[in-house]
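>>> Return atomic coordinates for the entry below.
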Amino acid sequence: MSEITIEKSPNDSRDYKYFILPNNIKCLIVSDPESQYSSASMNVHIGSIHEDIHGLAHFLEHMLFLGTSKYPIENHYKSYLKSHGGQSNAFTASEDTNFYFKIASESFFQALDIFAQFFISPLFNADSVARELKAVDSEYNKNILDDNWRFYQILKDSMNSPYNHFGLGCSKTLDIEGIRDKVIEFYEKYYSSNVMSLVLYGKEKTEILEQWAKDLFSQVIDKGVVLKSLDKPIFGDVGKIIKIVPMKNVRTLRFLWPLPSIIDLFQYQSDWYISNLLGHEGKNSILSYLKNQNLAEALGSYSEIFYTTCTNVVMDIKLTEKGLEQYEHIIEIVSQYTEFLRNNDPEEFVFEELQAVALSKFKFKNKEDPFLYAKILAVKLAKYPPSKVLTASELFEVYDKNVLKDMISYLNPENAHIYLISEGFDKSLMDQEKWFGTFVQKEDFTSELKHKMANPKVDTSLKNLCYPTKNPYITRYHEILTPSTQNFPVEISKNPKSRVWYKPNHKFLIDKVHGQLIIFCNSIGFYNSVFTYILAEIWLKLFKEKYREEIYLAEIAGLQYELLIDSHGIKITLECFSEKYCDFFEYLIRSLANFTIENEDFNIFEDIKSQTLVQMKNRFLDKPYEQVRRLLFETCLQGGYFTVEDKIKALEKIGFDDLVWFSQKWLKSVFFEWIVIGNITAESVLALTNKCVDNFLVAKSSTLMTQSEFLSMRAVKIPKNSSLLYKNTIKEPSETNSAVISLWQIGPENEFLQATLSLIDNFINEPCFNILRTKEQLGYIVWSYTQKFRGILNFLILIQSSVKSPTHIFNRISSFISYMKTCIHSLSDEDFDKLVQSTKKKTFKNDISIKEEFNRFKLEIDSGAYWFDRKEKIKAQLENVRKDNMVKVFEKMFFEDNRRLDVEVLPMKMVEEEEKEKEKVDDRREVVEDLDVIWRKNSMWGQVYVRK
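Now for the predicted structure:
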């Protein structure tokens, strides 16, 4: 077979090679000499659709990791990866199961050998069956209240066999006699080399990586598996309104149109073309029409390869209360738009704009983490021609009017699946879905609705429903500037008005510019006033809404922006190609400066206030681990950070007159701080920043902040040797999971302490997961990590559990830390040296993209540290940390100067179990249920960084 050329970006310096092993494994090799990390992914084109026991394929995915004939120790794989700066993961989908890992490059071959054995001689350890069943059940319980999982199960339930499966599985489906034998039988039947796709990503030359693939994976047996061809699925709920009660308070009208598979039609990107039109937010769009009638808050559309046999185009409309009442009218509006698309030829300029943006993004794409890149490529390799594996889902290659018209023809009333999602339905009239318990009701379309869908007659005299206008923000020209030798941002301007940091391209030779502006404006007082803080958030949302149509055009042209309120003022970030960068940044700042609140904005204000209240209240329905992390932030940060409860109380009191008052006072005393990096000159940056600042000051008649007006950003100080427990009860009665965080506060950061803590973090991480999750099965989510709060270093352990209550988990965390104390004291010099090297690779790896570099630098601006060479200095400092230093810091942070704070969220279903658990232990922690008590009783750390 002649060698196949892999089509790639001209700016992609990596070498690719495709070949097929003698046992018919498809292989793609990626050689990247610059990479510090190597990775591999094996995609097995077998998934839950092939099983006859719900969740069997998923359970096999779990069991495969538990030792092989060559490497029988159960945890050898994960332990080896962790000790060499690596990690692993896997997922089971309907038609694929994917296994992937990454590791420091010099350890790649050995990791590959361990990895290959999973597909050659797995042991399926009998002693681990019960434990891994618990892991699968914990994963099920983690997702059981997730609205996305719940919806997709309803969708699958409506389909014909074999599509109507429950792929996640749980103890009800898997805890049966002989389940291990069933797993082995499934593996022996389906895990064949001829349905596998392998990707190896390494720094070695392609020839070496190819030889490794041959040496290590040729032993995988080719069983000649021939998969039954699947017919296009039948969706059973056509002609019905499917009413669903969600877990969160949302009002959504969802449209789903099944299309034929687009896998073989990738060059036309017809699904992308369609979802772009349906989800457009500019002039002539469905959203603009609905907004004009106060029927919708937001709208989004996307397409997905649901199975290899079909592609779904989905459109979600977030409804106002009026929209919920008039949902049939919205269906008519959507029907009129889809009728327009069916009755008119596709517009070539729309395709050409999408094509131009996609090509620019592909040519100047940031380098991905090898860990995720290998996984993505392995999945694609199973679907697309090898020469197109990089481009197939990225580029618009061919405009074909007839192909587009054919796909658009499926947007018809007979193919529309419509779901109305609201918490307001009467559950007593509804059925419950079997696996997730979702309340659902199916109602036939009324004859009146059928008529409206078939013959829509919507008034478009004031708002059109047709193709969008041409986009002025499409980038047509790219020029790469000469690379610089400058490694870090430097200050190129500082005056009473602004401060500017700049760094040109030095190694990422792509046409991308990343920038951030913070407009400091603290005179309004929202550092300590939740009332003014909320007014600022509402003001900004109103701004975004009024400028939505124009800003959206920039977004779809590749200008990625973010506007948000933080404790300093307004933070603006912008990433895009250089040609339009300055123009759009100037437009944003000019628009902010000229924005005023008018009387006609009252209705928009009311809508935004209502939406924001719902969003805030939905935070109490977040997953338990998300809730406990939020509570931790609320506990440790005071000033410029407010609890959700306080925000809700403030927002409920706010009226339109308050916003008008606020808009007249706000942004009157300001200071600007910029950081811009990438493919742009210093002269252009200075011209941009000077123009924006001067125009803003004139438009707003603003004065300048003084040094004393910059905020003091501090964190709550947990007292030494205290035992504090902040507890909260989860409001959702059907929640089955608890979540806990144990935090140990260490103190203000410095080079040596941060280097030592990174060693301790790396030392604890793998055994924490192995002991508390794998062996003790405390919960599906078990994380250990470090985090800074305003310059204060912390170490944390987080666990979410459906099987154990918080008191038990906290005790197990304490026992684990005591066990690690024994381990750290017995650590050999050789193992310590390995730990140092592993930490260097894992924690202080090189930036792989300009985006990663920018995100690191802007954090230094946000904190006021300006420690741009932090990574380099801490990495060098690791050489100065001795084992006894690490032991001393470990002893101090966990025992001698123990500043521990425990935070828990308890579901109502665990209250009785928790009370019983408390009776078993002598718990002397001080229990706090009111944050004001913590804030009053404890002092604050001094400010670590003072902005100058």
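>>> Can you pull the poorly scored residue ranges out of this structure?
Applying pLDDT under 70 to the chain flags residues 1, 948.
>>> How is it divided into domains?
15-218, 240-366+384-454, 490-523+542-565+573-623+640-709, 714-937 (the TED database).
>>> Would you format those as JSON lines with distance to L230 included?
Every residue, glycine included, has its C-beta placed from N, CA and C. As requested, those are exported to JSON lines (distance: least, Cβ to Cβ, whole Å):
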{"stretch": "domain 15-218", "distance to L230": "8"}
{"stretch": "domain 240-366+384-454", "distance to L230": "5"}
{"stretch": "domain 490-523+542-565+573-623+640-709", "distance to L230": "33"}
{"stretch": "domain 714-937", "distance to L230": "31"}
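>>> Quick check: V350 touching C466?
No. Counting by Cβ atoms under 8 Å, no contact exists between V350 and C466, whose distance comes to 11.3 Å.
>>> what about these two, which has more around it?
Neighbours were counted for V350 and for C466 using other Cβ atoms under 10 Å; V350 has more, 19 against 15.
>>> Apart from its chain neighbours, what residue comes closest to the more buried one?
Excluding the flanking residues, the one nearest V350 by Cβ to Cβ, 6 or more residues apart in numbering is Y467, at 6.4 Å.
>>> Over to I746?
The shortest distance from I746 to any non-neighbouring residue, by Cβ to Cβ, 6+ apart, is to L793 (4.2 Å).
>>> next one: I589
C692 (4.2 Å).
>>> can you check D237 too?
Using Cβ to Cβ, 6+ apart, the closest residue to D237 is S158 (4.5 Å).
>>> rewinding a little: Provide the secondary structure category for the residue nearest to I746.
strand (DSSP: H, G, I helix; E, B strand; the rest coil).
>>> circling back to that earlier point, check contacts around the residue nearest to I589.
517, 585-586, 589-590, 672 (Cβ atoms under 8 Å, 6 or more residues apart in numbering).
>>> Buried members of those residues into PyMOL, please.
This is how PyMOL selects the buried members of the contacts of C692, with burial counted by 16 or more other Cβ atoms under 10 Å:
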select buried, resi 517+585+589+672
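>>> which one among the contacts of C692 gets closest to E919?
L517 (56.3 Å; Cβ to Cβ).
>>> May I ask which helix or strand encompasses the closest one?
For L517, the host element (DSSP states H and E) is strand 513-520.
>>> partners of that strand, with directions?
Strand 513-520 pairs in its sheet with strand 569-576 (antiparallel), strand 669-678 (antiparallel), by DSSP bridges.
>>> from those strands, which stretch is densest packed?
Per residue and on average, the most neighbours among the strands paired with strand 513-520 fall to strand 669-678, with a mean of 24 (mean count of other Cβ atoms under 10 Å).
>>> I648 reaches L613, doesn't it?
Yes. Judged on Cβ under 8 Å, I648 makes contact with L613 at a distance of 6.6 Å.
>>> which residues in the stretch 451-600 of the chain form strands?
490-494, 498-504, 513-520, 560-565, 569-576 (DSSP state E, counting those that start in this stretch).
>>> Nearest approach to F91 belongs to which of those strands?
It's strand 560-565; of the strands of the stretch 451-600 of the chain, that one is closest to F91 (Cβ to Cβ) at 26.7 Å.
>>> between that closest one and strand 569-576, how many degrees?
Orientation of strand 560-565 against strand 569-576 (axes from the mean of the first three to the mean of the last three Cα atoms, to 10 degrees) gives an angle of 180 degrees.
>>> who's in contact with strand 560-565?
By Cβ under 8 Å, 6+ apart, strand 560-565 touches 526, 533, 536-537, 540, 543-544, 551, 554-555, 570-576, 584, 588.
>>> who's in contact with the residue nearest to V350?
277, 284, 344, 347, 350.
>>> Mind putting those into CSV with distance to T311 and secondary structure?
Converted to CSV, the contacts of Y467 look like this (distance: Cβ to Cβ, whole Å; DSSP: H, G, I helix; E, B strand; the rest coil):
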residue, distance to T311, secondary structure
L277, 16, helix
N284, 25, coil
N344, 22, coil
E347, 21, coil
V350, 19, helix
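>>> Nearest to P260 among the residues you listed?
Nearest member of those to P260, counting by Cβ to Cβ, is L277, at 18.4 Å.
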